[in-house]
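**Student:** next come a sequence and a model predicted from it.
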Amino acid sequence: MTHRVASLLALSGWAGFCGVSALRCVHEAGLSELLFGSFGTGVLDTAEFSPLGVDSRQLLGLAAILAALAVAFSLSIAGVIALMKRPERLVEPFAAATFSALFGFYAALALSGSPAVELFGKGPLVTLFIALGFAGLLFDHLIADQEDAEGDETFQAVMAHLEEAKRAAIAERESGKRRDGDEE
């Protein structure tokens, strides 16, 4: 079975981004003390996020969307990990839909001219990173081991034949050494 490293890396990166961005929005809205206490607020203060320039109600809406995306990415990660044990392919479309939702969220912020688009940095480089996430999913899908009983049987037969050939070669070499020793 493949370990699906590309999918896990892409999904984990975006889950972390969405989670931290949701915390950033909650902190900027002034609710971090209520939700996380003074220690959590102190930790978020040390991050020194630049202000997004969005009012607190909009920040809470953004935080909710980002938290939902973080949960969706986390569920995708759990599903991809489960794919290593079960060959069900339901999680791959869900993970792709989560990437699509993230792109839709970014596009809505960018097209509406919202200052909150600064969550994603300057410029459209985020679209490349989302596309790389899709590419990771596709790559892992293409190289994923498919359960193939006939292929497994063929592989085992070839391996048994190679083992038998190895034993025969060792036996022939040993008998050749004995003959050479007898001739001397």
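**Tutor:** The structure has been received and is ready for your questions. Numbers count the residues shown, from 1 in each chain.

**Student:** when you work out contacts or count neighbours from here on, use the C-alpha atoms and nothing else.
**Tutor:** Noted.

**Student:** got the domain ranges for the chain?
**Tutor:** 5-147, 148-184 (automatic domain parsing).

**Student:** which of those domains comes out lowest on mean pLDDT?
**Tutor:** Among the domains of the chain, domain 148-184 carries the lowest mean pLDDT, a mean of 74.

**Student:** circling back to that earlier point, got TSV for the domains of the chain, with mean neighbour count too?
**Tutor:** Below are these laid out as TSV (neighbours: other Cα atoms under 10 Å):
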stretch	mean neighbour count
domain 5-147	17
domain 148-184	11
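
**Student:** and the helices in the protein?
**Tutor:** 5-28, 32-46, 56-83, 91-112, 125-143, 149-183 (DSSP state H).

**Student:** mind putting those helices into TSV with distance to Glu118?
**Tutor:** Below are these laid out as TSV (distance: least, Cα to Cα, whole Å):
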stretch	distance to Glu118
helix 5-28	11
helix 32-46	18
helix 56-83	12
helix 91-112	9
helix 125-143	11
helix 149-183	51
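
**Student:** could you say which one of the ones you listed comes nearest to Leu119?
**Tutor:** helix 5-28 (6.9 Å; Cα to Cα).

**Student:** pull the CA atoms of that closest one into CSV?
**Tutor:** Extracted C-alpha coordinates of helix 5-28, given in CSV (Å, rounded to 0.1, in the frame of the first residue of the first chain):
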residue,chain,number,x,y,z
VAL,A,5,2.5,11.4,1.3
ALA,A,6,1.6,14.1,-1.2
SER,A,7,-2.1,14.1,-0.3
LEU,A,8,-1.3,14.1,3.4
LEU,A,9,1.2,16.9,3.1
ALA,A,10,-1.2,19.1,1.0
LEU,A,11,-4.2,18.5,3.2
SER,A,12,-2.2,19.0,6.4
GLY,A,13,-0.8,22.3,5.2
TRP,A,14,-4.1,23.7,4.3
ALA,A,15,-5.8,22.4,7.5
GLY,A,16,-3.1,24.2,9.5
PHE,A,17,-3.5,27.4,7.4
CYS,A,18,-7.2,27.4,7.8
GLY,A,19,-7.1,26.7,11.5
VAL,A,20,-4.5,29.4,12.2
SER,A,21,-6.3,31.9,10.0
ALA,A,22,-9.5,31.2,11.9
LEU,A,23,-7.7,31.9,15.2
ARG,A,24,-6.3,35.1,13.7
CYS,A,25,-9.8,36.3,12.8
VAL,A,26,-11.2,35.5,16.2
HIS,A,27,-8.3,37.3,17.9
GLU,A,28,-8.7,40.3,15.7
